[in-house]
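Chemist: just coords:
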């Protein structure tokens, strides 16, 4: 299956619908045994020392791993992305632009997603079918996060790793889902998952250590990138004119 590199979070539903394996280059860079060396290699290629280290690391990963196609977010992410994209083009890499429009707006964001869909030859029905499946996997990841801070039966590192991995689902969302369900099953059998609670706890009840656990995982939780579009009446789905896009 063809692979496409990502330099930040994008609607991966489009790629999965097209039968393409998304690869989050951020995760490959930072998980490398020597990420500092990747940064140095980019500097040896001419990137200034004051350029974003993430950009330099990703650049080196693209060249080292012979990534031939990269989706580059030109707006709404690191301001150095466009410069890196231009250099990658000179290196023969197929760079597919994508942007999170500013100022934000339904029509402009819809147009960006549709350009991406056209580039990879899929339509809304195909993408929405995948979205519904991915939202189920994202919900599982969020539940694992809740188990972490409610029961501490999952370690912070393991939780963090799985949350950030939802940017590309490690290239295989079915296997990713299976792995999450296996962990959940083990914890359930061991009696380490508390019954679901709908209570709204006062802030002071979970201040201190519990709060630090919760807030520590706030950033990787965003990598779960579940787009929940809430329109009138609380309905959810893809963008509609009646609501606003929320990244839960």
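Modeler: Cool, got the structure. This is a predicted model, so every value here is computed, not measured. Numbering: from 1, shown residues only.
Chemist: my guess is residue 26 meets residue 58, correct?
Modeler: Yes. Residue 26 lies in contact with residue 58 (Cβ atoms under 8 Å); the separation is 6.6 Å. Heads up, the C-betas are built off the backbone N, CA and C, glycines and all.
Chemist: if you count what's nearby, which of the two comes out ahead?
Modeler: When residue 26 and residue 58 are compared for neighbours, residue 58 comes out ahead with 30 against 21, by other Cβ atoms under 10 Å.
Chemist: what's that one in contact with, if anything?
Modeler: By Cβ atoms under 8 Å, 6 or more residues apart in numbering, the contact list for residue 58 reads 7, 25, 26, 29, 84.
Chemist: Show the buried residues in those.
Modeler: The neighbour-count test (16 or more other Cβ atoms under 10 Å) marks 7, 25, 26, 29, 84 as buried among those.
Chemist: longest helix in this protein, by residue count?
Modeler: Across the chain, the longest stretch assigned as helix under DSSP state H is helix 124-151.
Chemist: Can you point out the buried residues in that one?
Modeler: Buried residues in helix 124-151, counted by 16+ other Cβ under 10 Å: 126-127, 130-131, 134-135, 137-138, 140-142, 144-150.
Chemist: Now do the shared contacts for residue 26 and residue 58.
Modeler: Common contact partners of residue 26 and residue 58 (Cβ under 8 Å, 6+ apart): residue 7.
Chemist: what pLDDT does the residue nearest the centre of the chain get?
Modeler: Nearest to the mean C-alpha position of the chain, by Cα atoms, centre = their mean, lies residue 167 at 2.3 Å. We note a pLDDT of 94 for residue 167 in this prediction.
Chemist: mind checking how far it is from residue 27?
Modeler: Distance, residue 167 to residue 27, using Cβ to Cβ, to the nearest Å: 7 Å.
Chemist: Now do the strands in this structure.
Modeler: 3-6, 21-24, 69-75, 94-99, 227-230, 244-247 (DSSP state E).
Chemist: For residue 15, give me its contacts.
Modeler: Contacts for residue 15 were tallied using Cβ under 8 Å, 6+ apart; they are 4, 21, 22, 120.
Chemist: before we move on, back to that, now the closest residue to the residue nearest to the centre of the chain other than its chain neighbours, which residues is it bridged with?
Modeler: The shortest distance from residue 167 to any non-neighbouring residue, by Cβ to Cβ, 6 or more residues apart in numbering, is to residue 24 (4.5 Å). Using DSSP bridges, the bridge partners assigned to residue 24 are residue 6.
Chemist: Give me the buried positions along stretch 148-165.
Modeler: Of the residues in stretch 148-165, those buried under the neighbour-count criterion (16+ other Cβ under 10 Å) are 148, 149, 150, 154, 159, 160, 162, 163, 164, 165.
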